[in-house]
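> next come a sequence and a model predicted from it.
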Amino acid sequence: MFPSETFYEKQLPEHERDIVQLVGDFVDAKVRPVARDTEHADRYPADLIEEMKRMGIYGMRIPEPYGQGQVSTICFALVTAQLSRGWMSLGGAMGGHSVVASLLDEFGTDQQKERFLPRMSRGELRATMALTETQGGSDLQAIRTTARRNADGYMVNGTKMWISNAQRSRLIALLVKTDPRCEPRHQGMSVLLVEPGAGLTVGPPLSKLGYKGVETCELVFKDHQAPEDAVLGGKEGRGFAQMMRGLELGRIQVAGRAIGVGTAAFQAALEYAKDRTSFGKAIWRHQAVGHQLSDMATDLTAARLLLLEAAHQFDTDKRSDLTAGMAKLAASEACMRIALQAMRIHGGSGYSTEYDVERYFRDAPLMIVGEGTNEIQREVIVNQLVRRGDLG
Ligand SMILES: Cc1cc2nc3c(=O)[nH]c(=O)nc-3n(C[C@H](O)[C@H](O)[C@H](O)COP(=O)(O)OP(=O)(O)OC[C@H]3O[C@@H](n4cnc5c(N)ncnc54)[C@H](O)[C@@H]3O)c2cc1C
């Protein structure tokens, strides 16, 4: 993938390089030829998802003995980027699932791991995470969904909004208040492992600008009974901290999606600029266009390196929120700029649904908003900078 292998990719073990290559080949052979039509029809890519399951993509965050073996976060990020180079919705379809797998792996009880992870690793059981609520997603400590103890476990009430893969997921990592009056607020929060059933209504797919083919829905809990052992890790009050760690991986995943879309947009622009002529020469030879391509490639490469550093830190450090936040911020903003530049380089054709660049332009904003908006990333980054006092 563009531009060339970085230092990080060269360090990957042979089998992880093969995985990235395999996914890249799958994207070129099976995804890119159908992405435009499937996306325009807003059709769920069932066949492609089945192939992703067979390739082990849903098990990438799940170690033995529950799965086939966990890959490094660098490999995970590169696979996400490859899928999203073909169609961002495929990167999205395995995003929340992978974060939930990682949460279970890091915080789950043995029983919870045994119950969910083997089926998740094969993609037989798909998972999503539900944090956002109608009255606001950025201030997670203000959520109103509650899980109150009763004789059978927990009674769940509340509404979640914008939940991806909601209709097809049979496991929901649900952020709730188990102690709504607790101060500080985050200590009253837990992650519940919820399986759909009575008292949970999944709404119809919401109409969206992009990220099509994969449903995003409202979840309404009305006296939904969750079992006694539904709390992730078995202890209440740890949910906020657990989710914050999960979001580090989520932000790396979203940055990977942005790098994938940005790469596709850049490549489309480069090809078009070589083919299209004006005033007797290929348009890339007009300095205004050529320099745009240079800026796009530089932007993309810088964001990609930051993503790979964040992925490396996720595996080696206890905390990677500073770099994961920077990677998500840099990659998503670069992706948006590159998608717009790619449209401009395509001239009128960039506005046509006959070309893919209009899809990149519609998909790009999600990475700015999802997994915490970029304004929230900036809050995370400055808080860490002040706390640490340096970048070292
Ligand atoms: C297609 C799609 C899929 C999604 N999938 C999921 C999912 O699977 N699971 C899930 O839980 N959520 C999901 N989300 C929700 C997403 O994470 C939220 O939309 C996002 O976190 C922002 O929350 P909000 O929409 O409530 O915006 P708000 O929190 O209302 O923010 C509105 C604006 O105010 C700004 N703002 C708010 N607070 C501050 C602050 N302190 N400082 C500076 N600016 C601030 C924000 O940056 C934003 O610009 C999805 C969203 C979309 C669009």
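Perfect, thanks for sending it. Residues are numbered from 1 along each chain as shown.
> what segments of the protein are helices?
With DSSP state H as the criterion, the chain has helices at 7-11, 14-26, 32-40, 46-54, 73-86, 88-93, 95-107, 110-121, 239-275, 287-316, 321-345, 357-369, 374-388.
> so what's the gap between the fifth one and the chain middle?
Which is helix 73-86. Distance of helix 73-86 from the chain centroid (CA atoms, centre = their mean, to the nearest Å) equals 10 Å.
> for that helix, name the packing helices and strands.
On a contact count with 3 or more CB pairs under 8 Å, 6 or more residues apart in numbering; DSSP states H and E, helix 73-86 meets helix 7-11, helix 14-26, helix 88-93, helix 239-275, helix 287-316. Where you see a C-beta, it was placed from the backbone N, CA and C, and this is true even at glycine.
> for the record, mean pLDDT for stretch 104-116?
Mean pLDDT, stretch 104-116: 98.
> ok, stretch 20-32 next?
Rounded mean pLDDT across stretch 20-32 is 98.
> buried deepest among the helices and strands packed on helix 73-86, which one?
Burial of the helices and strands packed on helix 73-86 is given as mean neighbour count (mean count of other CB atoms under 10 Å); helix 88-93 ranks first at a mean of 28.
> show me how far that one is from its chain's centre.
On CA atoms, centre = their mean, the centre of helix 88-93 falls 8 Å from the chain's centre.
> ok, residues contacting it?
Here helix 88-93 makes contact (CB atoms under 8 Å, 6 or more residues apart in numbering) with 31, 39, 45, 48-49, 52, 80-81, 83-84, 164-165, 210-214, 253, 256-257, 260-261, 363, 366.
> from those residues, which are also near the ligand?
164, 211, 366 (CB under 6 Å from any ligand atom).
> kindly reformat those as a markdown table containing neighbour count.
Shown next, in a markdown table, are these (neighbours: other CB atoms under 10 Å):
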| residue | neighbour count |
| --- | --- |
| Ser164 | 22 |
| Tyr211 | 23 |
| Leu366 | 24 |
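> for these, which one is nearest the ligand?
Proximity of these to the ligand (CB to the nearest ligand atom) peaks at Ser164, which lies at 3.5 Å.
> what about the residue nearest to that closest one when sequence neighbours are not counted, neighbour count?
Take Ser164 and drop its neighbours on the chain: the residue closest to it by CB to CB, 6 or more residues apart in numbering is Thr216, 5.0 Å away. Residues lying near Thr216 (other CB atoms under 10 Å) number 21.
> before we move on, what about Ala127?
By other CB under 10 Å, the burial measure for Ala127, its neighbour count, is 24.
> thought it was touching Ala101?
Yes - if you go by CB atoms under 8 Å, Ala127 and Ala101 touch, sitting 6.9 Å apart.
> give the residues shared as contacts by the two.
With CB under 8 Å, 6+ apart, Ala127 and Ala101 have common neighbours Met120.
> who touches Ile252 in this structure?
Going by CB under 8 Å, 6+ apart, the list of residues near Ile252 reads 73, 76-77, 307, 310-311, 314, 320, 324, 327-328.
> and Ala230, by the same measure?
So Ala230 contacts 147, 153-154, 192-194 (CB under 8 Å, 6+ apart).
> who wins for most neighbours among the residues you listed?
Neighbour-wise, those (other CB under 10 Å) top out at Ala147, 30 neighbours.
> let me have the contacts of Ala230 in a markdown table, extended by distance to Gly91 and pLDDT.
Shown next, in a markdown table, are these (distance: CB to CB, whole Å; pLDDT from 0 to 100):
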| residue | distance to Gly91 | pLDDT |
| --- | --- | --- |
| Ala147 | 31 | 98 |
| Gly153 | 35 | 97 |
| Tyr154 | 33 | 98 |
| Leu192 | 26 | 98 |
| Leu193 | 24 | 98 |
| Val194 | 24 | 98 |
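> filter the residues you listed by proximity to the ligand?
Among those, not one lies near the ligand by CB under 6 Å from any ligand atom.
> narrow the residues you listed to those in strands?
Applying DSSP state E to the contacts of Ala230, the entries found in strands are 147, 153-154, 192-194.
> which among the contacts of Ile252 gets closest to Gly123?
Phe76 (15.1 Å; CB to CB).
> and for that closest one, the neighbour number?
By other CB under 10 Å, 27 other residues sit near Phe76.
> thought it was touching Ile62?
No - in this structure Phe76 lies outside contact range of Ile62 using CB under 8 Å: 11.2 Å.
> the residue nearest to Val31 when sequence neighbours are not counted and Trp284, how far apart?
Nearest non-adjacent residue to Val31, counting by CB to CB, 6+ apart: Gly86, 3.2 Å away. Here Gly86 is placed at a distance of 25 Å from Trp284 (CB to CB, to the nearest Å).
> ok, whatever residue of the chain ends up closest to the ligand - contacts?
With CB to the nearest ligand atom as the measure, Gly137 is the residue of the chain nearest to the ligand, at 2.5 Å. Taking CB under 8 Å, 6+ apart, we find Gly137 in contact with 131, 161-162.
> got a winner among those residues for most neighbours?
Leu131 (26 neighbours).
> what's the spacing between that residue and Val99?
Using CB to CB, Leu131 is found at 10 Å from Val99.
> cool, and Leu174?
13 Å.
> what's the overlap in contacts for the two?
Met129.
> shouldn't Glu309 be in contact with Thr323?
Yes - taking CB under 8 Å as the definition, Glu309 is a contact partner of Thr323 at 6.0 Å.
> pLDDT added to the ones next to the ligand among the contacts of helix 88-93, as JSON lines?
Listed next are these as JSON lines, based on pLDDT from 0 to 100:
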{"residue": "Ser164", "pLDDT": "98"}
{"residue": "Tyr211", "pLDDT": "98"}
{"residue": "Leu366", "pLDDT": "98"}
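> that older thread, most widely separated two among the contacts of Ile252?
So, those by CB to CB: farthest apart are Phe76 and Lys328, at 14.6 Å.
> which one is Lys129 nearest to, not counting chain neighbours?
Small correction: residue 129 is Met, not Lys. Ala173 (4.3 Å).
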